[in-house]
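> Could you look at this predicted model? Sequence included:
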Amino acid sequence: MPDQSADRPLDRTERREHFAHFLTIPTRWSDNDMYGHVNNARYLTFFELVIMRYLEVDSNLDFAKHGVRCFSVENMCRYHAPVKFPQTLEAGLRVGKLGNSSVRYEVGLFVSDEDEVSATGYFTDVFVDAETEKPVSIPDPIRHVLASLIVRS
């Protein structure tokens with residue numbers, strides 16, 4: 001299936017309106033590194049948190065019910081402005097590409113009450129059969145939820 005969204009650069013030009021769903025994430029003191037900024041490894045955790053929260057809690061999807069699992073095959077993060085405790089983040093989520101067996105989740109992290117994006121990135125997941133771990137088509141109920149995250153210009 002071709003890409004249904006506008007190609008977006010995932011750079012500092014991202015704005016809140018480019019994302020379909022948001023999750024508020026408070027930073028913790030332990031997120032900071034020795035330089036007083038959120039450690040770079042934490043950003044991917046924030047990305048994963050907004051994705052999984054949306055799928056499993058907000059959308060109540062049960063992948064096991066559909067006989068599938070997701071394997072992350074690629075991820076990326078670009079840092080645009082430092083974040084530090086005690087700032088609160090708002091993680092924006094969208095689907096950038098929805099294929100037959102794969103999905104690319106795109107994320108923008110914004111400090112609350114700020115318009116400039118602090119970080120952007122993505123996770124690409126491939127859906128596999130839960131037993132054979134071979135790629136399979138995304139089940140229709142899951143595809144429907146993922147399609148709701150596509151932002152059209």
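Thanks, I have the structure now. Residues are numbered from 1 along each chain as shown.
> alpha carbons only for contacts and neighbour counts from here, please
Will do.
> and the longest helix for the protein?
helix 40-52 (DSSP state H).
> List the neighbours of the very next helix or strand once past that one that are in contact with it.
Beyond helix 40-52 on the C-terminal side, the first helix or strand identified by DSSP states H and E is strand 68-79. Identification of contacts with strand 68-79 by C-alpha atoms under 8 Å, 6 or more residues apart in numbering yields 10-11, 43-44, 63, 118-130, 133.
> Which strands and helices lie in contact with the next helix or strand after strand 68-79?
If you walk from strand 68-79 toward the C-terminus, the next helix or strand you reach (DSSP H and E) is strand 88-98. Applying 3 or more C-alpha pairs under 8 Å, 6 or more residues apart in numbering; DSSP states H and E, we find strand 88-98 packed against strand 21-26, helix 40-52, strand 102-111, helix 140-147.
> between the longest one and strand 21-26, how big is the angle?
Orientation of helix 40-52 against strand 21-26 (axes from the mean of the first three to the mean of the last three C-alpha atoms, to 10 degrees) gives an angle of 140 degrees.
> Run the angle between helix 40-52 and strand 68-79 for me.
Orientation check (the same axes, to 10 degrees): helix 40-52 against strand 68-79 gives 140 degrees.
> pLDDT weak spots in this structure?
Within the chain, the segments meeting pLDDT under 70 span 1-6, 153.
> Can you get me a residue count around Asn75?
15 (other C-alpha atoms under 10 Å).
> Equivalent analysis for Pro141, please.
For Pro141, the count of nearby residues is 10 (other C-alpha under 10 Å).
> What's the separation between Pro82 and Phe127?
Look at Pro82 and Phe127: by C-alpha to C-alpha, to the nearest Å, they are 34 Å apart.
> can you tell me which residues contact the closest residue to Pro26 other than its chain neighbours?
Leaving aside its chain neighbours, Pro26 sits nearest to Thr88 (4.3 Å; criterion: C-alpha to C-alpha, 6 or more residues apart in numbering). Contact analysis of Thr88 by C-alpha under 8 Å, 6+ apart lists Thr24, Ile25, Pro26, Thr27, Val111, Ser112.
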